[in-house]
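**Student:** Quick one, what's the 3D model for this:
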Amino acid sequence: MLIRPLTPAIGSEVLDIDLADATQVTRHADRLRALLAERQVIFFREQRLSPDAQVFFSQVFGDVEPVSSTFPSHPANPYVEMLVTRGKETGTDIWHADLTWQPRPPVAACLYAVEVPEVGGDTMWASMTAAHDSLDEGLRRYLAGMTAVHHWEAPALVNNLKRQPDGDEKYHAMRRRYPPVDQPVFLPHPATGKRVVFVNSLYTTRINQMGHDDGAHMLSFLAGLARVPEWQVRFNWRKGSVAVWDNLATQHYAINDYYPSPRTMHRVSIR
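**Tutor:** Just a heads-up that it's a prediction; the model follows:
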């Protein structure tokens, strides 16, 4: 198994491993976990993963749970989420971390490319530990201990949910199950201890300890730190590509430039 860093701050490509081979995955599990903690997102090429094989590989990084987002689950495995888009109203073309509107968001995610456009459809990740470390010490002290509200009802995600069979029923069930939640503005990472800027443009609606105007400006500034190129990595998908990312330490942005080409991805969330 060979490892190739893609940028100084974030992201490595892992070569010469077959993720469908349970023996290889088990043999390299400790090294893969350490690499994810260090590099925050890791990539693999030319893989062939059944839903069951993707779940087995994902379990290297933690427990998996059945799909609980606004996207449907795979008919062959309830732990695999199906992201089927054509580059229009995807709801993911904005900087975010997954499911931060849940009390315990996933610590990681595994995304497998089933069908991708010939051109376009890249995904970018940003290190939010690097974002935190860039802040002035006085600002860090000022924001320490503050919390922010996260909620799932972004318009594109609501529209995606309502387009599904029984969409209105699913929408109201989601509203009952997932009211807004508070998360720390600076999250101490449970594995590394590093501080993470844990607000995002998609799901974070306000900072509790600040007034409306000041809070809105601060939220825009903090969420906007994901847009700094020096702590980003950009990945060009090909069929069979796999990405595993630290969902607490990073944010990601799915570039929406491939309409009307189809794009099918399978995702497993890791707790």
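
**Student:** make it CA atoms for all contacts and neighbour counts henceforth
**Tutor:** OK.

**Student:** tell me the contacts of the nearest residue in space to Ser127 that is not next to it in sequence?
**Tutor:** Nearest non-adjacent residue to Ser127, counting by Cα to Cα, 6 or more residues apart in numbering: Thr250, 4.7 Å away. Thr250 sits next to 40, 97, 125-129 when contact means Cα atoms under 8 Å, 6 or more residues apart in numbering.

**Student:** separation between Thr250 and Gln164?
**Tutor:** Using Cα to Cα, to the nearest Å, we find Thr250 at a distance of 29 Å from Gln164.

**Student:** which is the next helix or strand following the one helix or strand in the chain whose mean pLDDT sits lowest?
**Tutor:** Between all helices and strands in the chain, the lowest mean by mean pLDDT, DSSP states H and E belongs to helix 155-162, at a mean of 82. Downstream of helix 155-162, the first helix or strand assigned by DSSP states H and E is helix 167-177.

**Student:** quick one on the thing from earlier: next, the angle from the least confident helix or strand of the chain to helix 167-177.
**Tutor:** Between helix 155-162 and helix 167-177, the angle comes out at 120 degrees (axes from the mean of the first three to the mean of the last three Cα atoms, to 10 degrees).

**Student:** quick one: low-confidence ranges for the stretch 51-200 of the chain?
**Tutor:** For the stretch 51-200 of the chain, applying pLDDT under 70 flags the ranges 89.

**Student:** Helices of that one, residue ranges please.
**Tutor:** When secondary structure is read from DSSP state H, counting those that start in this stretch, the stretch 51-200 of the chain shows helices at 51-58, 128-133, 137-143, 155-162, 167-177.

**Student:** TSV please, covering those helices and showing mean neighbour count and distance to Ala22.
**Tutor:** TSV is the format used below for the helices of the stretch 51-200 of the chain (neighbours: other Cα atoms under 10 Å; distance: least, Cα to Cα, whole Å):
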stretch	mean neighbour count	distance to Ala22
helix 51-58	20	8
helix 128-133	22	32
helix 137-143	11	44
helix 155-162	17	35
helix 167-177	14	36
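
**Student:** between those, which gets nearest to Tyr258?
**Tutor:** In terms of Cα to Cα, the element of the helices of the stretch 51-200 of the chain nearest to Tyr258 is helix 155-162, at 17.0 Å.

**Student:** Other residues contacting the closest one?
**Tutor:** Contacts of helix 155-162 (Cα under 8 Å, 6+ apart): 70-71, 89-91, 167-168, 170-171.

**Student:** Next, format the helices of the stretch 51-200 of the chain as JSON lines and append distance to Ala191.
**Tutor:** Output for these, formatted as JSON lines (distance: least, Cα to Cα, whole Å):
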{"stretch": "helix 51-58", "distance to Ala191": "17"}
{"stretch": "helix 128-133", "distance to Ala191": "13"}
{"stretch": "helix 137-143", "distance to Ala191": "21"}
{"stretch": "helix 155-162", "distance to Ala191": "30"}
{"stretch": "helix 167-177", "distance to Ala191": "28"}
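
**Student:** Quick check: which of those is nearest to Arg263?
**Tutor:** helix 155-162 (15.0 Å).

**Student:** residues of the longest helix anywhere in the chain that come out buried?
**Tutor:** Identified as the longest helix of the chain according to DSSP state H is helix 212-224. Going by neighbour count (16 or more other Cα atoms under 10 Å), the buried part of helix 212-224 is 215, 218-220, 222-223.
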